[in-house]
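In: Kindly generate the corresponding structure for this input.
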Amino acid sequence: MKRYITAILFCFIVSSVQAQDDAIVKFFSKYMEDDNFSRVYISPKMMQMAGGFLKSAGEGSDKDAEELGDLISKVRGIRILSADKVNGQNLYKEAMGTLTRNKYEDLMDVADKGSNVKFMVREENGKVRELLMITGSEDSFTLLSMLGNFTYQDLNILADKTNMPGMKEYQSGNKKK
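Out: So this is what the prediction gives:
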């Protein structure tokens, strides 16, 4: 009996995590065919290839490249949806409305003269599984989702040493140590 209860609980937890992923995927899907939006998807395989390339290029000679390769290999994918000449405030509110807020912790929230920038993380077992950046202004919108298995120190190093999307904005905010 105890095994059945555990199995049911496990299925419930997995389905609630899947539902959150579905909300973000649905938001991306809703706008990805809209000509007003640009979209970027970097697959887990591409991140593994980039990380592997850096690790092998730095083998024995460049410790920084090797460490950066290890970090980039932790990225499991990046999705970006952005648009100019749109009502970014309305899109910002819509995107925020699709999220299950209790699954995300705010890292940084900036509201200034008609624009908003919000960084949030989704953690599991002490690791950051997703870094989410949502920005909206009077005439632009960006949603970035970076999936992986990071520590906050990993995110800080990625922000310092890469040009990965969203890292410049992350670096300019409050970073956790």
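
In: got the buried residues for stretch 93-109?
Out: Burial within stretch 93-109, assessed by neighbour count using 16 or more other CB atoms under 10 Å, is assigned to A95, L99, K103, Y104, L107. C-betas here are computed from N, CA, C, even on glycine.

In: typed the wrong thing, it's stretch 134-142
Out: Under 16+ other CB under 10 Å, the buried positions of stretch 134-142 are I134, T135, G136, S137, S140, F141, T142.

In: Export that stretch to CSV, keeping only CA atoms.
Out: Only the C-alpha atoms of stretch 134-142 are listed here, as CSV (Å, rounded to 0.1, in the frame of the first residue of the first chain):
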residue,chain,number,x,y,z
ILE,A,134,11.1,38.4,-18.7
THR,A,135,11.2,42.0,-19.9
GLY,A,136,8.5,44.3,-21.2
SER,A,137,8.3,47.9,-22.1
GLU,A,138,6.0,50.2,-24.1
ASP,A,139,7.3,48.8,-27.4
SER,A,140,9.4,45.6,-26.8
PHE,A,141,9.2,42.3,-25.1
THR,A,142,11.7,39.5,-24.3
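
In: quick one: it to chain centroid distance?
Out: 16 Å (CA atoms, centre = their mean, to the nearest Å).

In: Average pLDDT for that stretch, rounded please.
Out: In this model, stretch 134-142 has an average pLDDT of 94.

In: circling back: looking at the buried residues of stretch 134-142, which is nearest Q89?
Out: Nearest to Q89 among the buried residues of stretch 134-142 is G136, at 5.1 Å by CB to CB.

In: Report pLDDT for the closest residue to S43 other than its chain neighbours.
Out: In space, and not counting its chain neighbours, S43 is closest to G77: 6.0 Å by CB to CB, 6 or more residues apart in numbering. At G77, the model reports a pLDDT of 90.

In: For the buried residues of stretch 93-109, give me JSON lines that also has secondary structure and distance to S73.
Out: Below are these laid out as JSON lines (DSSP: H, G, I helix; E, B strand; the rest coil; distance: CB to CB, whole Å):
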{"residue": "A95", "secondary structure": "helix", "distance to S73": "28"}
{"residue": "L99", "secondary structure": "coil", "distance to S73": "27"}
{"residue": "K103", "secondary structure": "helix", "distance to S73": "25"}
{"residue": "Y104", "secondary structure": "coil", "distance to S73": "24"}
{"residue": "L107", "secondary structure": "strand", "distance to S73": "23"}
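
In: Okay then, goodbye and thanks.
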